[in-house]
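Student: take a look and give me a structure for this.
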Amino acid sequence: MAPMERKHGICSPFIPQRNTLRKTSAEIVNEARHSLRVQSTQRPFTPRNGQRQLFGKSSFRTDCDNRPPSTFSLHAQNFDAPDSRPGSGTRLSPLDHKPKFPGSCDAEDPFKAFPKPPVDPLEVKRGLAGARARLLRAGSLTTLPPVEGHTDVKERLNPGLGQKQLSAKGLTTADHTEVHSGPRRTASESSIMQPGVDSGVRPTECRAGWRTGLGNVDSTTSTEEDAESLVWNNAIAPLLQQLESVATGSSEGSVDRLCDLCDSLHGTLAKADMLGRRCKRRSGILRTLFRLIDLDSAQLNLDIAKLCLALCVSGNNLLNICKLIFKISRSENNDILFQNNSIIDSLLGLLSSQDVSVSGEALLYCIGTLKFLSGNSTILRLLLDKNCLGVAQKLIQRLCIVEDTYFTIAGHILVQLTATLRNLADHPDSRPLFVSFSILSELCLVLRNHRKDQDICTNISRIYSKLSSYSECRFALAQTPGCYQLFLELLSKHHQKQDLVVRLLFTLGNLTAKSDEARQQLFQCEGCVDTLLQLYDSYQRRNDSPHAPQPKGPLSLSKPSTLTVSVQEDDDVLVKLVRVLANMCIHPAVGPALASNTACIQLLMETLELRSVHESEELLVNVAATINNLSFYQEESSILRHSQLIIAKLMLKLVLSSSMDAMLEATRVYGNLSQSKDVRDFIMQNKVHQFVVTLLDSKSTEMCFSACGVLTNLALDPPNRVSLSLEGAAPKLADCLKDFGAGDWQLAGQVCRALWNMVGGGTEKLLDTHERESLLEILTAYSDEEDALKWTEADARDFHRSYWELEFLPIAQKLIKTLQPLDLTA
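Tutor: Have a look, this model is predicted:
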């Protein structure tokens with residue numbers, strides 16, 4: 001063969017190129033061989049908080065004096081019995097005036113001592129209070145039972161009577177005497193302050209009274225009152241009496257009996273359509289229920305809370321009921337109580353209906369309860385089935401538009417809400433719901449509004465790090481306008497909060513793993529590269545190495561001398577950050593820019609120098625992968641191109657390590673760098689070629705493929721062929737072809753290229769007769785299409801045939817022709 005012909009007969013340097021064929025599903029496996037490689041890594045691990053608290057020990061709210069407590073005591077005395085406080089929950093100042101009531105009452109006419117209503121109805125229009133107006137209603141006294149009503153009023157007028165327990169007579173006649181119980185009420189409980197709430201008269205009835213005149217009675221209202229009185233006397237009053245009676249006893253099983261009675265009361269009220277605020281005497285029911293709270297039974301208190309919520313308590317009572325439920329949920333032992341109770345529906349109803357400006361603290365404890373419960377896998381499933389994510393989406397929207405006055409409490413609620421969503425994200429069935437309810441986009445809005453709140457930002461970053469591992473969620477997040485710029489701003493603002501930084505970087509790595517559009521959008525964000533490299537510089541951990549060189553580039557940021565996170569956590573940040581760089585540089589517009597960035601290349605090389613494979617294996621593997629991707633770009637401006645020899649030296653620690661991943665990635669780097677004559681000489685001088693040859697025995701197709709690439713380039717130089725032959729490279733390549741070729745035609749083709757270069761296109765006689773004949777036998781068998789593909793599965797046959805035809809057959813036929821004896825080729 002003529003010298004020029006021989007020159008053109010040598011295979012070109014090993015540079016794996018992208019396949020130009022139509023991509024099939026089987027090519028997913030092959031993509032791992034591309035010179036530009038996407039890096040994978042583990043999601044940051046978040047251990048569960050052993051204690052159920054509103055705000056954990058790591059919360060920045062820990063030192064805040066005004067943060068809501070997780071621990072408190074609740075007793076019956078903390079509740080407002082009539083539940084008639086203004087909706088805002090603000091206590092009214094007590095009046096200085098202390099009314100004096102008659103000391104005695106005429107038994108014949110217990111109402112004689114009370115003021116008489118005016119005869120002229122016009123005086124009512126001039127400003128009489130609602131309570132006095134109700135006294136004017138015609139027939140209001142005629143329905144009173146003559147005896148029982150008198151006795152009840154005596155009890156009401158004497159503070160010593162009827163305080164300790166509820167009498168049966170009082171229960172049966174309360175409907176007729178409640179309108180005259182003014183002397184017993186406090187200022188805050190008076191019907192004057194809240195007409196129609198718990199006074200026994202509905203607001204609509206009051207308005208009807210003004211319209212129809214004082215002498216007329218609405219027949220419909222009267223009928224409703226009669227029906228309610230009947231239910232009260234025959235069903236509700238006996239249940240309340242039983243509750244009081246059982247509560248005062250101490251017999252075994254009394255708590256279970258009380259729970260059954262509460263269920264019966266709930267069912268009776270629901271059947272009579274007297275839940276909510278429709279029951280005029282709900283204050284009596286509430287008083288009885290509140291007194292049972294002091295029995296301190298989790299099961300009973302949960303039943304009481306459910307009934308109180310069904311009766312639409314408000315203000316201070318609503319807050320205390322939510323605290324009561326929260327207190328019960330703090331113990332994991334009580335989770336079973338929530339599984340067998342419809343209280344979760346009540347809590348979700350509260351979240352849907354209550355306004356943060358009115359019931360903000362109640363909402364906080366309500367969602368705090370759901371946060372605890374969502375840590376239970378069984379209840380987690382229940383929450384998904386009960387549309388918890390739909391409720392959460394609406395709540396997020398309301399919390400994002402609160403007035404500045406309520407911004408702080410909205411932030412507290414969002415901490416609990418995002419922690420709940422973080423737990424829900426663990427369930428695979430939640431992913432479609434996160435997408436369909438656009439919660440990922442809504443959370444970006446929360447981040448913008450609360451970017452200073454580390455607790456909220458950290459919780460949301462945990463949600464993103466979990467869900468961005470899945471394609472449908474990744475796509476939904478990538479479609480959110482401005483999400484990349486937002487993440488970069490958060491990385492810059494909270495650069496010292498490791499658990500937030502590592503999760504945002506993990507999310508960015510996921511977004512850029514398989515999307516060229518995402519790589520470009522991130523790169524084009526203002527300050528992207530600077531922000532990432534400043535983070536890289538601050539987590540480089542130079543202080544741990546006393547002989548480490550100081551940075552020579554323009555970067556000036558450095559981490560404080562007092563480290564706030566462990567060495568492993570620092571490395572975890574760099575692992576995720578370097579992965580983002582590795583993924584970004586796959587884009588043809590981003591790669592050359594990063595390869596030409598002095599600070600970027602300097603930081604990568606510095607990491608290789610400072611770290612050991614033993615302590616930072618994953619980090620060094622990612623750095624090597626990034627360098628391998630950047631080495632694909634051989635522009636004149638590439639800093640990496642001018643630093644190839646330095647990098648080749650730094651790769652030695654990876655090649656000589658005990659880590660197979662490190663060895664594999666370093667071998668890939670050598671496969672690209674060995675295109676340079678200087679690097680090939682370095683490899684031979686440092687006997688790296690001996691190690692590369694031994695990798696052919698690794699029984700790993702990936703390792704063999706990368707080793708073949710290095711050998712292909714080394715064999716370009718004639719002096720190297722003899723050294724490779726002495727190491728037994730040729731027979732090992734033949735064994736590799738025999739073992740893996742039929743199942744991996746791309747690897748088979750690369751083996752043939754290495755062999756072709758080793759035999760110098762036929763000029764080198766480096767194979768003995770046995771090796772030549774054995775190799776010819778393998779090549780001949782593999783060159784027959786029927787024999788070559790007979791073991792291939794039918795669904796992948798077209799894929800394998802394409803690679804067999806393009807990658808293997810041409811070079812195999814040339815090699816067969818070269819290796820055949822002269823008498824057979826004549």
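
Student: give the next helix or strand downstream of the strand or helix carrying residue 245.
Tutor: Assigned by DSSP states H and E, residue 245 falls within helix 237-248. Counting by DSSP H and E, the next helix or strand C-terminal to helix 237-248 is helix 254-271.

Student: which parts of the following helix or strand past that following helix are buried?
Tutor: Beyond helix 254-271 on the C-terminal side, the first helix or strand identified by DSSP H and E is helix 282-292. If you call a residue buried by 16 or more other Cβ atoms under 10 Å, then helix 282-292 has these buried ones: 282-292. Yep, even glycine has a C-beta here, placed from its N, CA and C like the rest.

Student: elements contacting helix 282-292?
Tutor: Under the contact definition 3 or more Cβ pairs under 8 Å, 6 or more residues apart in numbering; DSSP states H and E, helix 282-292 sits against helix 237-248, helix 254-271, helix 298-310.

Student: deepest of those helices, which one?
Tutor: helix 298-310 (a mean of 22; mean count of other Cβ atoms under 10 Å).

Student: can you give me the angle that one makes with helix 237-248?
Tutor: Angle of helix 298-310 versus helix 237-248, following axes from the mean of the first three to the mean of the last three Cα atoms, to 10 degrees, is 150 degrees.

Student: run through who's touching helix 298-310.
Tutor: Identification of contacts with helix 298-310 by Cβ atoms under 8 Å, 6 or more residues apart in numbering yields 255, 258-259, 262-263, 265-266, 269-270, 275-276, 286, 289-290, 292-293, 317-318, 321, 324-325, 328, 331, 334, 337-338, 341-343, 346, 349-350.

Student: again, only using 7 Å
Tutor: Residues from elsewhere that reach helix 298-310 (Cβ atoms under 7 Å, 6 or more residues apart in numbering): 255, 258-259, 262-263, 265-266, 275, 286, 289, 292-293, 321, 324-325, 328, 334, 337, 341-343, 346, 350.

Student: and for stretch 650-664?
Tutor: Residues contacting stretch 650-664 (Cβ under 7 Å, 6+ apart): 605, 608-609, 613, 617, 620-621, 624, 665-667, 669-670, 686, 688, 691, 702-703, 706.

Student: filter those down to the buried ones, PyMOL style.
Tutor: Here is the PyMOL selection string for the buried members of these, based on 16+ other Cβ under 10 Å:
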select buried, resi 605+608+613+617+620+621+624+665+666+667+669+670+688+691+702+703+706
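
Student: now, the contacts of stretch 650-664 that are in helices?
Tutor: Using DSSP state H, 605, 608-609, 617, 620-621, 624, 665-667, 669-670, 688, 691, 702-703, 706 are the members of those that sit in helices.

Student: per-residue confidence for the spatially most central residue of the chain?
Tutor: Closest residue to the average C-alpha location of the chain: residue 463 at 1.9 Å, with Cα atoms, centre = their mean. Confidence at residue 463, expressed as pLDDT, is 97.

Student: who's in contact with it?
Tutor: Residue 463 makes contact with 418, 421-422, 425, 443, according to Cβ under 7 Å, 6+ apart.

Student: what's in contact with the host helix or strand of residue 381?
Tutor: Using DSSP H and E, residue 381 sits in helix 377-385. For helix 377-385, the external contacting residues (Cβ under 7 Å, 6+ apart) are 335, 338-339, 344, 370, 373-374, 423-424, 427, 429-430, 433.

Student: now the residue nearest to the centre of the chain: how far from residue 457?
Tutor: 11 Å (Cβ to Cβ, to the nearest Å).

Student: what helices and strands are in contact with the strand or helix carrying residue 519?
Tutor: For residue 519, the host element (DSSP H and E) is helix 516-524. Packed against helix 516-524 by the contact rule (3 or more Cβ pairs under 7 Å, 6 or more residues apart in numbering; DSSP states H and E) you find helix 567-584.

Student: swap the cut-off to 8 Å and go again
Tutor: Applying 3+ Cβ pairs under 8 Å, 6+ apart, we find helix 516-524 packed against helix 483-493, helix 498-511, helix 567-584.

Student: low-confidence stretches in this structure?
Tutor: Residues of the chain that meet the criterion pLDDT under 70 lie in 1-50, 56-58, 60-67, 69-73, 81-222, 224-225, 250-252, 544-565, 761-764, 822-826.

Student: count of neighbours near residue 340?
Tutor: Neighbour count of residue 340, defined by other Cβ atoms under 10 Å: 9.

Student: do the same with residue 438
Tutor: Counted with other Cβ under 10 Å, residue 438 comes out at 14.

Student: quick one: it from residue 394, how far?
Tutor: Residue 438 sits 11 Å away from residue 394, going by Cβ to Cβ.

Student: and what of residue 259?
Tutor: Distance of residue 259 to residue 394, given as Cβ to Cβ: 33 Å.

Student: thinking again about what came up before, I'd like to know which of the contacts of helix 377-385 are buried.
Tutor: 335, 338, 344, 370, 373-374, 423-424, 430, 433.

Student: torsion angles phi and psi at residue 744?
Tutor: Note on residue 744: backbone dihedrals following degrees, to the nearest 10 are phi -150, psi 90.

Student: quick check: chain neighbours aside, which residue is closest to it?
Tutor: Ranked by Cβ to Cβ, 6 or more residues apart in numbering and with sequence neighbours excluded, the top spatial neighbour of residue 744 is residue 701, at 5.5 Å.

Student: contact partners for that neighbour?
Tutor: 740, 744, 747.

Student: output these as JSON lines; include the columns distance to residue 632.
Tutor: Listed next are those as JSON lines, based on distance: Cβ to Cβ, whole Å:
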{"residue": "740", "distance to residue 632": "25"}
{"residue": "744", "distance to residue 632": "22"}
{"residue": "747", "distance to residue 632": "20"}
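
Student: can you list those in TSV and add neighbour count and distance to residue 716?
Tutor: Output for these, formatted as TSV (neighbours: other Cβ atoms under 10 Å; distance: Cβ to Cβ, whole Å):
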residue	neighbour count	distance to residue 716
740	18	24
744	23	24
747	23	20
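
Student: of those residues, which is the nearest to residue 571?
Tutor: Checking the contacts of residue 701 against residue 571 with Cβ to Cβ, the nearest one is residue 747 at 33.3 Å.

Student: please tabulate the helices and strands packed on helix 516-524 in TSV and include mean neighbour count and distance to residue 299 as additional columns.
Tutor: Formatted as TSV, the helices and strands packed on helix 516-524 follow (neighbours: other Cβ atoms under 10 Å; distance: least, Cβ to Cβ, whole Å):
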stretch	mean neighbour count	distance to residue 299
helix 483-493	19	44
helix 498-511	25	38
helix 567-584	23	43
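
Student: right, I'll call it a day here.
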